[in-house]
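*Asks:* Build the 3D model from these lines:
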Amino acid sequence: MQQENNSASAKVVTALIIGLILGFGAGAFWQERRGANELSLEEVSASDEEETRAANSKEGGSTQAAGAAATVQAKTASAEKTSENNSAVLVVDQAAGGAVSVGQVVSGNSVWVAVREEQNGGLGNILGVARVAAGMHAAVTVELLRPTVVGKRYFVALHRDVGDNAFNYREDTLIEGVSADFTAQ
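*Replies:* Below you'll find the model as predicted:
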């Protein structure tokens with residue numbers, strides 16, 4: 001009986017060691033892949049400028065004026081970035097309603113894009129979230145639990161994704177310094 005217990009314990013210990021080795025190997029593999037997929041905000045901005053110039057050179061007449069108006073609106077857009085994964089978010093003032101359109105989200109990891117109310121000049125209640133994978137995403141739509149109100153200020157902030165496909169504000173923590181604000185019109 002004693003020898004049987006030792007054999008079972010040895011199997012458990014062996015399985016644990018093999019699991020740890022495989023876990024560390026997989027972690028190193030994913031860390032390396034994540035680093036290769038990171039985009040810098042400067043690369044994104046340069047790419048956007050080239051696309052805007054190309055689109056404006058192809059357009060003529062009144063469409064070129066619309067392109068100029070969009071460029072002016074983009075300059076008044078709110079955008080911030082941080083060194084953490086070169087994350088960034090861009091949003092412009094938009095019509096009040098049950099969804100918010102986020103112009104651009106850049107992150108080196110999967111993140112939750114959260115629309116939050118303004119409270120005492122800072123981040124307040126979360127009205128809605130949308131999960132985006134690592135990389136650059138344009139026109140991300142965030143459905144809201146409660147619609148935005150005309151004249152009020154809101155924030156779009158990024159939260160770390162812990163990978164369970166469900167948002168939990170206690171676990172999917174705020175990425176400090178990465179938010180942009182807009183006013184519902």
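*Asks:* G25 looks like it's in a strand, true?
*Replies:* No. Checked against DSSP: H, G, I helix; E, B strand; the rest coil, G25 lies outside a strand; its state is helix.
*Asks:* Out of the helices and strands in this structure, which is least certain?
*Replies:* helix 61-75 (a mean of 38; mean pLDDT, DSSP states H and E).
*Asks:* Ramachandran angles for V150?
*Replies:* V150 adopts backbone torsions of phi -50, psi 130, taken as degrees, to the nearest 10.
*Asks:* Give me the three-state assignment for the nearest residue in space to it that is not next to it in sequence.
*Replies:* Leaving aside its sequence neighbours, V150 sits nearest to A96 (Cβ to Cβ, 6 or more residues apart in numbering; 4.6 Å). Every residue, glycine included, has its C-beta placed from N, CA and C. Secondary structure, three-state DSSP: A96 is coil.
*Asks:* Pull the contacting residues for A96.
*Replies:* A96 makes contact with 147-150, 152, 184-185, according to Cβ atoms under 8 Å, 6 or more residues apart in numbering.
*Asks:* can you list the residues that contact stretch 150-169?
*Replies:* Residues outside stretch 150-169 that contact it (Cβ under 8 Å, 6+ apart): 87, 89, 91, 96, 100, 102, 105, 107, 109-118, 123, 126-127, 129, 131, 142, 148, 171-175, 178-185.
*Asks:* which residues of the chain fall in strands?
*Replies:* 78-81, 88-91, 99-107, 111-119, 122-132, 135-143, 153-160, 174-183 (DSSP state E).
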